[in-house]
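Peer 1: next one to model:
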Amino acid sequence: MANENLTKIADMIDPEVMADMVSAKVPQKIRVSPFAKVDNTLVGVPGDTVTVPVWGYIGDAADVAEGEDVTPSKMSSSKTTAKIKKAMKAVSLSDEALLSGYGNPAGEATNQLALAIASKIDNDCMDAVQGATLQYDGSAAIISYNAVVDAIDLFEEEVNTEKVMFVHPKQVTQLRKDDNFISADKYPGNVMMSGEIGMIANTRIVPSKKVPKKKVSTIDCYYCPIIKLEQDTETEDETPALTIYLKRDTNLETERHTLNRTTDISVDKVYTAVLSNQAKVVLAKFAAAPAVAG
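Peer 2: Have a look, this model is predicted:
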């Protein structure tokens, strides 16, 4: 009689269950999800290039006298293109590891594969917003409340909409020591996103080590993106600041190697991240350290 209580490798590695778990974990681990729109229109559609149109404004309406014709305005547009790409990660688990009963190798593999894919998407999103054309040069000093306000005002908003600003963790102390900074503990019931530490002029401040440090002339600076989360419906269209074009959602596959009793688990996602609305991102540059007096 077969031992019905025998633990089998197939019981520990169920591709369908693991795929569902990875898919569920990935969105939760993407820090940009509050403002990145996921576009699924490319799923099942041929082609590997995305073309994103950017329309120019035709100008305000003008007075027209009775019986006269209005002069048509010429619409203008530009476009940006991006290649769809595939991000992958894989692990290999031995039967000994799975059967040892120490920890949960299959569960840990699922968690880390999801984290790896999510982190890659996050990196691509950060790279995309680094291409913003609206830029604030605050390289002469470290980050401060007043400098952030100046950067935010480059949006030239008529209605103050909610925004998020990503700063490097090493800039957090500089902000917290600024008397004008409103820390999140002063509005605990109004925290909107994970990691939010405070607010400046209706802009949520979120630390991320993904904020890059680059040179401005000879000064090391953090390049901090400020992203509009909502549109002013009276003056803006629905185009989001950042779009993740999804060609194929999270896909998990396994392969069994009988000669060495190991199982490979690989996961992939086919997508691209695009800065889809330049008007909704300001890239603010601040010195990484205070200037040294000469």
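
Peer 1: check which helices and strands the longest strand belonging to the chain sits against.
Peer 2: When the chain is scanned for its longest strand (criterion: DSSP state E), the result is strand 242-257. With contacts taken as 3 or more C-beta pairs under 8 Å, 6 or more residues apart in numbering; DSSP states H and E, strand 242-257 sits against helix 15-29, strand 36-39, helix 105-129, strand 262-275. Any C-beta I mention is one placed from the backbone N, CA and C, and that applies to glycine too.

Peer 1: got CSV for the ones you listed, with mean neighbour count too?
Peer 2: Output for the helices and strands packed on strand 242-257, formatted as CSV (neighbours: other C-beta atoms under 10 Å):
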stretch, mean neighbour count
helix 15-29, 16
strand 36-39, 18
helix 105-129, 19
strand 262-275, 21
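
Peer 1: want to throw the ones you listed into a markdown table with mean pLDDT?
Peer 2: Listed next are those as a markdown table, based on pLDDT from 0 to 100:
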| stretch | mean pLDDT |
| --- | --- |
| helix 15-29 | 64 |
| strand 36-39 | 82 |
| helix 105-129 | 87 |
| strand 262-275 | 91 |
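
Peer 1: quick one: closest of the ones you listed to Gly47.
Peer 2: Nearest of the helices and strands packed on strand 242-257 to Gly47, taken as C-beta to C-beta: strand 262-275 at 11.7 Å.

Peer 1: returning to what we had before: dump the helices and strands packed on strand 242-257 into CSV; add distance to Ala61 as well.
Peer 2: Formatted as CSV, these follow (distance: least, C-beta to C-beta, whole Å):
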stretch, distance to Ala61
helix 15-29, 42
strand 36-39, 30
helix 105-129, 33
strand 262-275, 30
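
Peer 1: do you know which of these lies nearest Asp220?
Peer 2: Ranking the helices and strands packed on strand 242-257 by proximity to Asp220 (C-beta to C-beta) places helix 105-129 first, at 17.8 Å.

Peer 1: roughly how far is that closest one from the heart of the chain?
Peer 2: A distance of 12 Å separates the centroid of the chain from that of helix 105-129, by C-alpha atoms, centre = their mean, to the nearest Å.

Peer 1: please begin residue numbering at 17 from this point
Peer 2: In the new count, where the first residue is 17, that last one comes out as helix 121-145.

Peer 1: now the element after that helix, going C-ward?
Peer 2: Next helix or strand after helix 121-145 toward the C-terminus (DSSP states H and E): strand 150-154.

Peer 1: ok, that following strand: who's next to it in the sheet?
Peer 2: Looking at strand 150-154 with DSSP bridges, its partner strands are strand 297-303 (parallel).

Peer 1: rounded mean pLDDT for the strand it pairs with, please.
Peer 2: Strand 297-303 comes out with an average pLDDT of 96.

Peer 1: show me where pLDDT drops low in the stretch 167-310 of the chain?
Peer 2: For the stretch 167-310 of the chain, the stretches with pLDDT under 70 are 204-209, 246-254, 308-310.

Peer 1: all helices for it, in order.
Peer 2: For the stretch 167-310 of the chain, applying DSSP state H, counting those that start in this stretch gives helices covering 188-192.

Peer 1: in the stretch 17-166 of the chain, where is pLDDT below threshold?
Peer 2: Where the stretch 17-166 of the chain drops to pLDDT under 70, the residues are 17-35, 37-50, 69-75, 92-94, 117, 119.

Peer 1: among the helices and strands packed on strand 258-273, which is nearest Lys193?
Peer 2: Closest to Lys193 of the helices and strands packed on strand 258-273 is helix 121-145 (C-beta to C-beta; 25.8 Å).

Peer 1: would you say Val165 is within a strand?
Peer 2: No. Assessed with DSSP: H, G, I helix; E, B strand; the rest coil, Val165 is helix; it does not lie in a strand.

Peer 1: Pro121 reaches Leu109, doesn't it?
Peer 2: Yes. Counting by C-beta atoms under 8 Å, Leu109 is a contact partner of Pro121 at 5.5 Å.

Peer 1: of all the helices and strands packed on strand 258-273, which lies closest to Lys101?
Peer 2: strand 278-291 (6.0 Å).
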